[in-house]
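Engineer: Sequence plus the predicted model coming up.
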Amino acid sequence: MSASRHPIALRLERQVGEGTRLLATVMALPLVDGIFPALVLAGAVSTVLGMIEVGLLIFGGSATLAVVLAEMEGSRSDQVKNVLLVGAIIVPVAALQAAIAPTIESVLEMYIFERFAALVILAIAAKTASATIGEYLPRPSLIISLGLVASFRPSDFAFEFVADPAYVLYGTGAAAVGVGFALSVAVLAPWLRGNVDIDRFRFGSAVALGILPFTILGIIPTEAPLALAVLAVTALLAFNPDGAATPFGEEEPTPDAAAATDGGAPDEPFEDTEDAVEPVESEDDSGSPGVSDGDRAPWL
C-alpha cells in the first residue's frame with residue numbers, strides 16, 4: 001500500500017487482493033462479522049446522528065480512506081464507478097439485516113452478544129491504531145464466533161421483521177453514508193493525497209471507533225454523538241495543507257506529462273552542444289606529420 005500502511009487494510013490486501021475487491025471486503029466486514037446487526041439492535045442507529053456516526057466509523061473510516069487513496073487504480077470516473085458498484089451490494093444487504101434484526105435477536109442472548117460485539121469493535125480499533133498491538137490480540141472473527149456460541153439460543157427462534165420502519169431506514173442510511181464517504185474520497189482523491197495526513201486520520205478514527213462500544217453497552221447515551229465529535233476533530237487535525245496538492249477538478253499528471261513539464265523526457269541523453277576540440281597535428285622538421293598534442297602521453 002503506497003499511501004498508508006493501514007494494518008487492517010494491509011492484512012485484507014494479502015488475502016483478497018487490491019483495488020475494488022479490497023474495498024468491498026473492507027466495507028462488507030461489519031455485515032459479515034455481525035457488528036452492524038448488533039449496532040442496530042443496540043439502538044446505535046435509532047437517530048440521524050447515530051446513523052451518520054455508524055456510517056462514517058463502521059462502513060467508512062480510515063480503512064476505506066486508505067484503500068481508495070492508495071489501492072484503487074484508474075481515472076477518477078473509474079474509481080467512482082467502482083465505489084458505486086460496491087455500494088450497490090453493501091446498501092441492500094445492510095437494509096436486509098436491519099429489517100430482520102429481530103430474527104437475529106430471537107436466537108441470541110443479546111446481553112451476552114452485545115458484550116462480545118463491543119470487544120470486537122475495541123479489538124478493531126486497537127488493530128487500526130497500532131499493528132504491533134494488533135499482533136497480540138485475537139482476530140475479530142474469533143471473538144464474534146465465541147460470542148455467537150456463548151449467546152446462541154435456537155429454541156427461541158422466530159422469523160419476524162423489525163416493527164419500526166425507522167430502524168430499517170436508519171440502517172440503510174448508515175450504509176449509504178459509508179458509501180457516500182468512499183465516493184467523496186474518490187472524487188477528491190487528487191486533492192486529499194496532498195492535503196490529508198492519512199496515518200494521523202487513521203489514529204484519530206481508531207480513537208473514535210473505540211468510543212462506539214460504550215454506546216452499545218449503554219454507558220454513553222445514543223443521543224450523544226461523542227464518537228462523531230472525535231471524528232470531526234480528527235479530520236481537522238489530519239488536514240495538512242503543506243503537502244503537494246493537485247488542484248480540485250484536475251487529474252494527477254501522468255509520469256510522461258510530469259517529465260514534459262520538467263523540460264523534456266528524462267530518457268533523452270544529454271548532448272553537449274559545444275564544439276568538439278579537434279586534435280591538431282604538427283609537422284616535424286622532416287615535413288612528416290608529427291604526434292598530435294591529444295595523442296601525447298601525459299608524462300611527455
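Structural biologist: Arrived safely.
Engineer: going forward, measure contacts and count neighbours with C-alpha atoms only.
Structural biologist: Fine.
Engineer: Which residue ranges of the stretch 101-250 of the chain form helices?
Structural biologist: Counting by DSSP state H, counting those that start in this stretch, the stretch 101-250 of the chain has helices at residues 101-106, 110-129, 131-134, 140-151, 165-187, 189-195, 198-216, 226-238.
Engineer: how about JSON lines for the ones you listed, with mean neighbour count and mean pLDDT added?
Structural biologist: Formatted as JSON lines, these follow (neighbours: other CA atoms under 10 Å; pLDDT from 0 to 100):
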{"stretch": "helix 101-106", "mean neighbour count": "20", "mean pLDDT": "80"}
{"stretch": "helix 110-129", "mean neighbour count": "21", "mean pLDDT": "83"}
{"stretch": "helix 131-134", "mean neighbour count": "14", "mean pLDDT": "74"}
{"stretch": "helix 140-151", "mean neighbour count": "17", "mean pLDDT": "83"}
{"stretch": "helix 165-187", "mean neighbour count": "23", "mean pLDDT": "91"}
{"stretch": "helix 189-195", "mean neighbour count": "21", "mean pLDDT": "83"}
{"stretch": "helix 198-216", "mean neighbour count": "23", "mean pLDDT": "84"}
{"stretch": "helix 226-238", "mean neighbour count": "18", "mean pLDDT": "86"}
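Engineer: Kindly reformat these as a markdown table and extend each row with distance to Pro30.
Structural biologist: Output for the helices of the stretch 101-250 of the chain, formatted as a markdown table (distance: least, CA to CA, whole Å):
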| stretch | distance to Pro30 |
| --- | --- |
| helix 101-106 | 14 |
| helix 110-129 | 10 |
| helix 131-134 | 18 |
| helix 140-151 | 11 |
| helix 165-187 | 10 |
| helix 189-195 | 24 |
| helix 198-216 | 13 |
| helix 226-238 | 17 |
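Engineer: Which one of these lies nearest to Asp78?
Structural biologist: helix 165-187 (9.3 Å; CA to CA).
Engineer: Pull out the CA atoms of the closest one and give them to me as CSV.
Structural biologist: Provided in CSV are the C-alpha atoms of helix 165-187 (Å, rounded to 0.1, in the frame of the first residue of the first chain):
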residue,chain,number,x,y,z
PRO,A,165,-39.6,1.0,9.8
ALA,A,166,-37.4,3.8,11.0
TYR,A,167,-34.8,1.3,12.1
VAL,A,168,-34.7,-0.1,8.5
LEU,A,169,-34.4,3.5,7.2
TYR,A,170,-31.6,4.5,9.5
GLY,A,171,-29.8,1.2,9.0
THR,A,172,-30.0,1.6,5.2
GLY,A,173,-28.9,5.2,5.6
ALA,A,174,-25.9,4.2,7.7
ALA,A,175,-24.6,2.0,4.8
ALA,A,176,-25.4,4.8,2.3
VAL,A,177,-23.4,7.3,4.4
GLY,A,178,-20.4,4.9,4.3
VAL,A,179,-20.7,4.6,0.5
GLY,A,180,-21.1,8.4,0.2
PHE,A,181,-17.9,8.8,2.3
ALA,A,182,-16.0,6.5,-0.1
LEU,A,183,-17.5,8.2,-3.1
SER,A,184,-16.4,11.7,-1.8
VAL,A,185,-12.9,10.3,-1.2
ALA,A,186,-12.7,9.0,-4.8
VAL,A,187,-13.9,12.4,-6.2
